[in-house]
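Q: Please work out how this folds:
(2 chains)
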Protein chains: 2
Amino acid sequence: MHRTKIRVAEDALDANETIARANRDDFDRSGVRVVNLMSAPGAGKTSVLEAALRGLEGVRPGVLEGDVAGSLDADRIASLHVPVTQINTDQGFGGECHLDANMVRSAIPSLDLDGIDLLVIENVGNLVCPAEFRVGEDVRAMITSVTEGEDKPLKYPLMFRACEMVVINKIDLLPHLDFDVDRLVANIDTVNPRAETMLVSARTGEGVDAFRDWLAGVPARAETVA
Amino acid sequence: MHRTKIRVAEDALDANETIARANRDDFDRSGVRVVNLMSAPGAGKTSVLEAALRGLEGVRPGVLEGDVAGSLDADRIASLHVPVTQINTDQGFGGECHLDANMVRSAIPSLDLDGIDLLVIENVGNLVCPAEFRVGEDVRAMITSVTEGEDKPLKYPLMFRACEMVVINKIDLLPHLDFDVDRLVANIDTVNPRAETMLVSARTGEGVDAFRDWLAGVPARAETVA
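A: Okay, the predicted model is just below:
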């Protein structure tokens, strides 16, 4: 007797996957590589991005800013003369805590895909749900800051597992903290042995060159990840 | 002609309210006052709570720990000989990003409500969804840390609006940051003029006495807020 295996999937996530693939097709058609950048609130997504975009050469960047409310981060990015589109998620009750593929899809018409090579999608600050929703990205990166404690990979494993790159930010504060970088890296390794890590201070600029190079290299790298 | 006004509510939130009221009734019956403690990941909920619970007198505390995964925080609280119950939210797909009233309800049988006067519910680290789900608490408090930036009240207004108390943590790091406390307080005031604020360092102990007094005073204060 043959049995047909039925895949029972969460409807919402299934629909999200379908739309994410449509987004990805649009990005691919224009040769735009896409990074989904995630972190907890205040870890420094915008600051690291600002520092890396300054001096980025050979790649034309664009940014999609996801926030519950306001356009503070988009204003910061725009002042660098980088094309930026704001998505506010506060249309849902109280505000959606993540970007999903459909929100990104709604922003595509306002993006000049032929005028950019690299799109950085700055997600809503949150270590849980953004990891569950693909938006059409090639790679996923997250920022964790040394002020957040070494235990975060163990408490939010899905986020750390979802990312190809974990940027460890605010290392300028290490002399003033009881923080063990090796322990954080070991905890990241426990939940995601394949994650690349990078030490950065958006404030002093330390390590920013390496992250900028990584961003510039996303096109090539995405081919192998995809 | 008479028209009947139908309140159209989100079903899920409506059910949550019903269960939250049932929780509240149980807590009231045992004379237990309840604080819902929220923050971004790594803002220092557990550290502030540990510091405040040490030396808390005249009030018998209990703690409910909400985490996506693991029991790291519960272990820390238990080492203070405070009764603690762990709720892990990773039963949902990828992990729920907040506690809801039903999760708290499921933990009530394991709480000795007659043995405590004050229950602190440490929510999942997240500045969006926890603010949308009442769990049966009397008061809501949040912790924001000075390493997160002054703009957080403007970017996550619902959370700051939902709380009666905003504890500003990690003030020992102020000399090493470009951070304007007055600007943060002004931004809190913009979204929630009635919020009380408090400056604290869980690391040095500065300001912890005031937060401990606030916790001890929740029973009295809850009567006026409720």
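Q: Tell me which residue lies nearest the centroid of chain A.
A: Against the mean C-alpha coordinate of chain A, by Cα atoms, centre = their mean, the closest residue is residue A:37 at 1.1 Å.
Q: hmm, who's touching the helix or strand where that one lies?
A: Using DSSP states H and E, residue A:37 sits in strand A:33-39. Contact with strand A:33-39 is made by A:24, A:27, A:45, A:49, A:117-123, A:125-127, A:130-131, A:134-145, A:159, A:162-163, A:215, A:218-219, A:222, as judged by Cβ atoms under 8 Å, 6 or more residues apart in numbering or on different chains. Any C-beta I mention is one placed from the backbone N, CA and C, and that applies to glycine too.
Q: For chain A, give me the ranges with low pLDDT.
A: The model of chain A has pLDDT under 70 over residues A:1-10, A:92-94, A:219-226.
Q: What is the helix ranked longest in chain A packed up against?
A: Counting by DSSP state H, the longest helix found in chain A is helix A:11-29. Judged by 3 or more Cβ pairs under 8 Å, 6 or more residues apart in numbering or on different chains; DSSP states H and E, helix A:11-29 is in contact with strand A:33-39, helix A:101-107.
Q: run the last query once more with 7 Å
A: If contacts are counted by 3 or more Cβ pairs under 7 Å, 6 or more residues apart in numbering or on different chains; DSSP states H and E, helix A:11-29 sits against helix A:101-107.
Q: List the buried residues in the helix it packs on.
A: By neighbour count with 16 or more other Cβ atoms under 10 Å in any protein chain shown, helix A:101-107 contains the buried residues A:101, A:102, A:103, A:104, A:105, A:107.
Q: check contacts around the last one.
A: Contacts for residue A:107 were tallied using Cβ atoms under 7 Å, 6 or more residues apart in numbering or on different chains; they are A:64, A:85, A:87.
Q: Considering those residues, which is situated nearest to chain B?
A: Nearest to chain B, judged by Cβ to the nearest Cβ, of the contacts of residue A:107 is residue A:87 at 13.1 Å.
Q: coming back round to it: from the buried residues of helix A:101-107, which single one is nearest chain B?
A: residue A:103 (14.2 Å).
Q: List the contacts of that closest one.
A: A:87, A:89.
Q: same thing but 10 Å
A: Going by Cβ atoms under 10 Å, 6 or more residues apart in numbering or on different chains, residue A:103 touches A:19, A:64, A:66, A:87, A:88, A:89, A:91, A:96, A:121, A:124, A:133, A:135.
Q: ok, of the residues you listed, which come out buried?
A: By neighbour count, with 16+ other Cβ under 10 Å, the contacts of residue A:103 hold A:19, A:64, A:66, A:87, A:88, A:89, A:96, A:121, A:124, A:133, A:135 as buried.
Q: Pull up the gap between the residue nearest to the centre of chain A and residue B:179, please.
A: Going from residue A:37 to residue B:179 by Cβ to Cβ, to the nearest Å gives 23 Å.
Q: Tell me where chain A has helices.
A: Using DSSP H, helices in chain A cover A:11-29, A:45-53, A:72-78, A:101-107, A:152-155, A:157-162, A:181-191, A:208-216, A:218-225.
Q: Dump the second one to PDB, restricted to CA.
A: In this case it means helix A:45-53. What follows is helix A:45-53, C-alpha atoms only, in PDB (Å, rounded to 0.1, in the frame of the first residue of the first chain):
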ATOM      1  CA  LYS A  45      22.600  47.800  13.300                       C
ATOM      2  CA  THR A  46      22.300  51.400  11.900                       C
ATOM      3  CA  SER A  47      25.600  52.500  13.400                       C
ATOM      4  CA  VAL A  48      27.500  49.600  12.000                       C
ATOM      5  CA  LEU A  49      25.800  50.000   8.700                       C
ATOM      6  CA  GLU A  50      26.500  53.800   8.600                       C
ATOM      7  CA  ALA A  51      30.200  53.100   9.300                       C
ATOM      8  CA  ALA A  52      30.400  50.400   6.700                       C
ATOM      9  CA  LEU A  53      28.600  52.400   4.000                       C
END
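Q: list the helices and strands it packs on?
A: strand A:33-39, strand A:61-67, helix A:72-78, strand A:118-122, strand A:139-145, strand A:165-169, helix A:208-216 (3 or more Cβ pairs under 10 Å, 6 or more residues apart in numbering or on different chains; DSSP states H and E).
Q: Many thanks, have a good one.
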